[in-house]
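Asker: this one's sequence-less:
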């Protein structure tokens, strides 16, 4: 079985959380795309839901597949968000943002009564940090912000190099909100809450990829099948 197969298995299992009439946040990335595709099958079969997307890529997929959409301005309270993750810890703290949509993903997740994260088993980790932590920052004062982010990471026990994310052609990656992303290769994030609190204090930081207390359940698919982990 491939990782793509496991992603699709997790996405299919997450459909069991969907009920008619729901307002659903639709995540970004390859695993979330599987969910949108399977959700579209249900919509074509008569399921009445409406979605809120977290990125232009997801909007394009939803439009192409016929999933009805609204916005958070029109529908500010959602019933459910289904999204992927780059890493999932046992307490369901997440690292997200590998696709660059972390700000919109966190806004949508926070507006939802429940967030379900779906992933293949490679994303399940004992300790966060092997995947670089995305930190979304404003362009102004980048060097000062970068220094402050590095200090915050070191002072919370997770020192590591920071790299400005770039596109394939070498230009700085710019988020849909017009910001930049610093990828922090911290290796081991011993205290995610402390790091998140320190990052939130830095004026140039718009948002970070630590999702703490947002996911209520994780649907993990792998060699032993699909399992659902609920947050205590």
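Answerer: Arrived safely, thanks for sending. What you are looking at is a predicted structure, and each value in this text was computed from that prediction instead of being measured. Numbering: from 1, shown residues only.
Asker: quick one, strands of this protein?
Answerer: All strands of the chain, identified by DSSP state E, fall at 23-26, 50-53, 80-83, 87-88, 94-95, 115-120, 133-137, 162-164, 180-184, 205-208, 210-211, 217-222, 225-230.
Asker: what packs against the fourth one?
Answerer: Right, the one you point to is strand 87-88. strand 94-95 (3 or more CB pairs under 8 Å, 6 or more residues apart in numbering; DSSP states H and E). From N, CA and C alone the C-beta is placed, and that goes for glycine too.
Asker: residues in contact with the strand it packs on?
Answerer: Contacts with strand 94-95, where a contact means CB atoms under 8 Å, 6 or more residues apart in numbering, come from 85-88, 117, 128-129, 131, 133-134, 209-212, 214-215.
Asker: out of the strands of the chain, which is closest to residue 68?
Answerer: strand 50-53 (5.0 Å; CB to CB).
Asker: a markdown table please, covering the strands of the chain and showing mean pLDDT, distance to residue 174 and mean neighbour count.
Answerer: Below are those laid out as a markdown table (pLDDT from 0 to 100; distance: least, CB to CB, whole Å; neighbours: other CB atoms under 10 Å):
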| stretch | mean pLDDT | distance to residue 174 | mean neighbour count |
| --- | --- | --- | --- |
| strand 23-26 | 98 | 22 | 25 |
| strand 50-53 | 98 | 19 | 24 |
| strand 80-83 | 98 | 22 | 26 |
| strand 87-88 | 98 | 24 | 24 |
| strand 94-95 | 98 | 21 | 28 |
| strand 115-120 | 98 | 26 | 27 |
| strand 133-137 | 98 | 11 | 27 |
| strand 162-164 | 98 | 11 | 15 |
| strand 180-184 | 98 | 7 | 23 |
| strand 205-208 | 98 | 12 | 22 |
| strand 210-211 | 98 | 22 | 25 |
| strand 217-222 | 98 | 30 | 22 |
| strand 225-230 | 97 | 35 | 13 |
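Asker: which of the ones you listed sits closest to residue 32?
Answerer: Across the strands of the chain, closest to residue 32 is strand 80-83 (CB to CB), at 5.3 Å.
Asker: quick one on the thing from earlier: export the strands of the chain to a markdown table and tack on distance to residue 170?
Answerer: Output for the strands of the chain, formatted as a markdown table (distance: least, CB to CB, whole Å):
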| stretch | distance to residue 170 |
| --- | --- |
| strand 23-26 | 31 |
| strand 50-53 | 29 |
| strand 80-83 | 29 |
| strand 87-88 | 27 |
| strand 94-95 | 25 |
| strand 115-120 | 30 |
| strand 133-137 | 19 |
| strand 162-164 | 11 |
| strand 180-184 | 14 |
| strand 205-208 | 23 |
| strand 210-211 | 28 |
| strand 217-222 | 36 |
| strand 225-230 | 40 |
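Asker: so who does the most centrally placed residue in the chain touch?
Answerer: Among the residues of the chain, the one closest to the centroid is residue 96, at 4.0 Å (CA atoms, centre = their mean). For residue 96, the contact set (CB under 8 Å, 6+ apart) comprises 83, 84, 85, 86, 102, 105, 106, 134, 209, 211.
Asker: again, but for residue 53
Answerer: 26, 28, 59, 62, 69.
Asker: just give the nearest non-adjacent residue to it, would you?
Answerer: Nearest in space to residue 53, with sequence neighbours left out and distances taken as CB to CB, 6 or more residues apart in numbering, is residue 59 at 4.4 Å.
Asker: coming back round to it: most widely separated two among the contacts of strand 94-95?
Answerer: Top of the distance list for the contacts of strand 94-95 (CB to CB): 129 and 214, 18.3 Å.
Asker: please tell me how far residue 90 sits from residue 49.
Answerer: Taking CB to CB, to the nearest Å as the criterion, residue 90 is separated from residue 49 by 31 Å.
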